[in-house]
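Visitor: give me a model of this one.
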Amino acid sequence: MKKSYTVDSTCNDMRIDRWLRLKVGKIPQGLIEKYLRSGKIKINKKKVKSSTKVKTDDVINSFIVDFKETIVQKKIKFEPSKDIIKSNEDQIIDNNENFIVLNKSSGISVQGGTKSKKNLVDIFAKSEIFQGTKPYSVPFEELDKDTSGVFIMAKTRESAQLLTSLFRLRKVHKTYLAICHGELVKDSGEWNDDLIRYDGEKKIIEKAKTIFKVLDKNSEASLVELKPITGRKHQLRKQLYALGQPIFGDIKYKLSSSSKGINKNLMLHSYQIKFIIDDVKHTYTALLPDYFRKLLKTKRLRFPGLK
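Guide: Here you go, the predicted structure:
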């Protein structure tokens, strides 16, 4: 669907991003940048930058963009039922005075937002475990909504800051398990990649490093152990996709040929985490979800210790 808007004289020499927010609504800057880059928003049928200034009688062309859906919405507050609170409490692996460790389920976000409703922060805020305090998510520990496994939530701001500093200093060692399409050529080694992301119009290249070990494989699939050294967004998913062997169930990073019979769940599991606080070693392991075990069996992949 194509829509056109004409700039009036009161907006002459105004930046296009400011004009959009003034005339259309509170559209996030990142979304404006994205639409301008892709050409979904143009001035006089030409691609422009967000810093471009509009002139009287300029025609703003928008393609497929429904501006009503881009208006910033307030964060959705999730009010969990007692059953939801109990089911997530049942996933707790350890509960101490500083933090809890749980086996996070796939399909649940860490924090709420304009798109995510059900989330761990709002759930545990209502739990008796956090009575007298509140749950603090650790920025470097947040798992994707569809990634399952070991997850830590701090009980105090000080604990959250301590855990965050450990992540930044790379003193937290995490191990993931993934089932990917096809047979990985190398059985072990490390991946060093340049991953690209955008901050507005700015293109940012980040170094990403992961140590990997294939636990089992055949012509259909591979079970691989992944130890990320860096913590880039979607790092493991992007790296396997770059090899042409995306993770089963990944609807964002997938090959067209891998969409047949795609799994509902992302086959990426945060299996184990290790760190040291005050000379005390902490090691936590999260059991594999049933759907992960089922695919292992279907693809005839063996995992040590799995019955």
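
Visitor: quick one, what contacts Arg21?
Guide: Counting by Cβ atoms under 8 Å, 6 or more residues apart in numbering, Arg21 touches 27, 32. Every residue, glycine included, has its C-beta placed from N, CA and C.

Visitor: now swap in Gly39 and tell me
Guide: Going by Cβ under 8 Å, 6+ apart, Gly39 touches 47, 63.

Visitor: domain assignment for the chain?
Guide: For the chain, automatic domain parsing gives the domain ranges 2-70, 82-168, 173-286.

Visitor: distance from the chain centre to the last one, please.
Guide: Distance of domain 173-286 from the chain centroid (Cα atoms, centre = their mean, to the nearest Å) equals 12 Å.

Visitor: going forward can the numbers begin at 868, since that is how I track them
Guide: Fine by me, first position is 868 from now on; the one you just mentioned is domain 1040-1153.

Visitor: what about it, start to end distance?
Guide: Distance across domain 1040-1153, first residue to last, is 14 Å (Cα to Cα, to the nearest Å).

Visitor: repeat for stretch 1085-1099
Guide: Stretch 1085-1099 end-to-end distance (Cα to Cα) = 29 Å.

Visitor: got it, and stretch 1013-1030?
Guide: Terminal residues of stretch 1013-1030 are spaced 23 Å apart (Cα to Cα).

Visitor: pLDDT of it, averaged?
Guide: Stretch 1013-1030 shows a mean pLDDT of 93.

Visitor: in that stretch, what counts as buried?
Guide: With burial defined by 16 or more other Cβ atoms under 10 Å, the residues of stretch 1013-1030 counted as buried are 1013-1022, 1026-1027, 1029-1030.

Visitor: one step back: any chance of the domains of the chain in JSON lines, plus distance to Leu1168?
Guide: What follows is the domains of the chain, written out as JSON lines (distance: least, Cβ to Cβ, whole Å):
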{"stretch": "domain 869-937", "distance to Leu1168": "38"}
{"stretch": "domain 949-1035", "distance to Leu1168": "17"}
{"stretch": "domain 1040-1153", "distance to Leu1168": "5"}
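
Visitor: which stretch among the ones you listed comes nearest Lys1164?
Guide: When the domains of the chain are compared by Cβ to Cβ, domain 1040-1153 sits nearest Lys1164, at 11.2 Å.

Visitor: least confident of the domains of the chain, on average?
Guide: domain 869-937 (a mean of 82).

Visitor: just the strands in the stretch 1018-1167 of the chain please.
Guide: Using DSSP state E, counting those that start in this stretch, the strands of the stretch 1018-1167 of the chain run over 1040-1048, 1055-1066, 1069-1084, 1088-1095, 1135-1144, 1147-1152.

Visitor: now mean neighbour count and distance to Trp886 too, for the ones you listed, in a markdown table please.
Guide: Putting the strands of the stretch 1018-1167 of the chain into a markdown table (neighbours: other Cβ atoms under 10 Å; distance: least, Cβ to Cβ, whole Å) gives the following:
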| stretch | mean neighbour count | distance to Trp886 |
| --- | --- | --- |
| strand 1040-1048 | 22 | 45 |
| strand 1055-1066 | 13 | 22 |
| strand 1069-1084 | 15 | 21 |
| strand 1088-1095 | 21 | 42 |
| strand 1135-1144 | 20 | 42 |
| strand 1147-1152 | 13 | 51 |
